[in-house]
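Novice: the following comprises the amino acid sequence and a computationally predicted model.
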Amino acid sequence: MAVEPRDRASGAVLLSARGVSKSFAGLHVIKNVDFDVGVGEVLGVLGPNGAGKTTLFNLISGDLGLSSGQIALAGRPLSKLPAHRRAALGIGRTYQIPRPYGAMTAFENLLVSAMFSAGKSERDSYRTCLAVLEDCGLSSRANRPAGALTLLDRKRLELARALAGEPKLLLLDEIAGGLTDEEAADLVSLIRKIQHSGVTIIWIEHVVHALMAVADRMMVLDFGSKIADGKPGDVMADPEVRRAYMGIEA
Ligand SMILES: Nc1ncnc2c1ncn2[C@@H]1O[C@H](COP(=O)(O)OP(=O)(O)OP(=O)(O)O)[C@@H](O)[C@H]1O
């Protein structure tokens, strides 16, 4: 799973999207979006409600099919692959509303990911799941039913489930939403740790200060189009971003 720092510095592209578009019954939700994500990079994605951010994740993970365009992982076109094949290739994701198997324990939830996404044996999966639970601060809740966990722990579990699949590319969808400042800071430390282990991350988030703390680059969507892509400070100072996202006229 881990990549060496030199890979991160090499500028190799892990995910590339070209001319990506999605329509629902004639409603153009994603419009001709191009972007790359480098190996080991953290790309933050911002945009107003309804801008198309989650739809973009659904197109990458295979939860939805493209209307047109191409998405490739390490040069391999993904368009014809169903979601489970993309997971096996190393695409892990969280959902905005956590989707644990509520009646299963936290540990069992991870085991499903490790065995079916990472394709590990049960024995190897046990080891991975214990390590991931520890990293995510969930060891003491390993045997609790997922449905009985607090919001923060359900968010941690959502992340832990994705990590148990040993992703190369991790898609985080508004994982800091609804958390206190202190909880969000804990989550940021955890995401930094994941980043340092070499996982490439795309993070959709409205909690901008959390995103700014880890993003190498930011991309902004508005009405399905990319309106900015660059260094976080430059993007946040961009007059079009300030107008679209913060309602501030330049
Ligand atoms: N399966 C679907 N069928 C029809 N319309 C959809 C579907 N999924 C999303 N949409 C529409 O696409 C648009 C973009 O939705 P999306 O959830 O991608 O936005 P978002 O940027 O993630 O918003 P938020 O910040 O509120 O999560 C919205 O107008 C939404 O209603």
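Specialist: It's in.
Novice: do you know how far residue 159 is from residue 79?
Specialist: 27 Å (Cβ to Cβ, to the nearest Å). In this view, the C-beta of every residue, glycine as well, is placed from N, C-alpha and C.
Novice: tell me which of these two has more neighbours.
Specialist: Neighbours of residue 159 and residue 79, each counted by other Cβ atoms under 10 Å, are more numerous for residue 159; the result is 24 against 13.
Novice: who touches that one in this structure?
Specialist: Counting by Cβ atoms under 8 Å, 6 or more residues apart in numbering, residue 159 touches 94, 136, 172, 175, 187, 190.
Novice: which one of those sits closest to residue 225?
Specialist: Nearest to residue 225 among the contacts of residue 159, counting by Cβ to Cβ, is residue 172 at 22.1 Å.
Novice: the nearest residue to the closest one once chain neighbours are set aside: neighbour count?
Specialist: Distance criterion Cβ to Cβ, 6 or more residues apart in numbering; nearest residue to residue 172, sequence neighbours excluded, is residue 203 at 4.3 Å. Residues near residue 203, counting by other Cβ under 10 Å, number 24.
Novice: ok, residue 203 - contacts?
Specialist: Residue 203 neighbours (Cβ under 8 Å, 6+ apart): 42-45, 172, 175, 191, 211, 214-215.
Novice: which parts of stretch 123-141 are buried?
Specialist: By 16 or more other Cβ atoms under 10 Å, the buried positions in stretch 123-141 come out as 125-126, 128-129, 132-133, 135-138, 141.
Novice: stretch 71-87 too?
Specialist: By neighbour count on 16+ other Cβ under 10 Å, the buried set for stretch 71-87 is 71-73, 78, 81, 86-87.
Novice: tell me, which of these make contact with the ligand?
Specialist: Checked against the ligand using Cβ under 6 Å from any ligand atom, the buried residues of stretch 71-87 yield no neighbours at all.
Novice: report pLDDT for residue 4.
Specialist: The model reports residue 4 with a pLDDT of 47.
Novice: ok, now the one 10 residues further on?
Specialist: What the model reports as pLDDT for residue 14 is 97.
Novice: alright, calling it a day.
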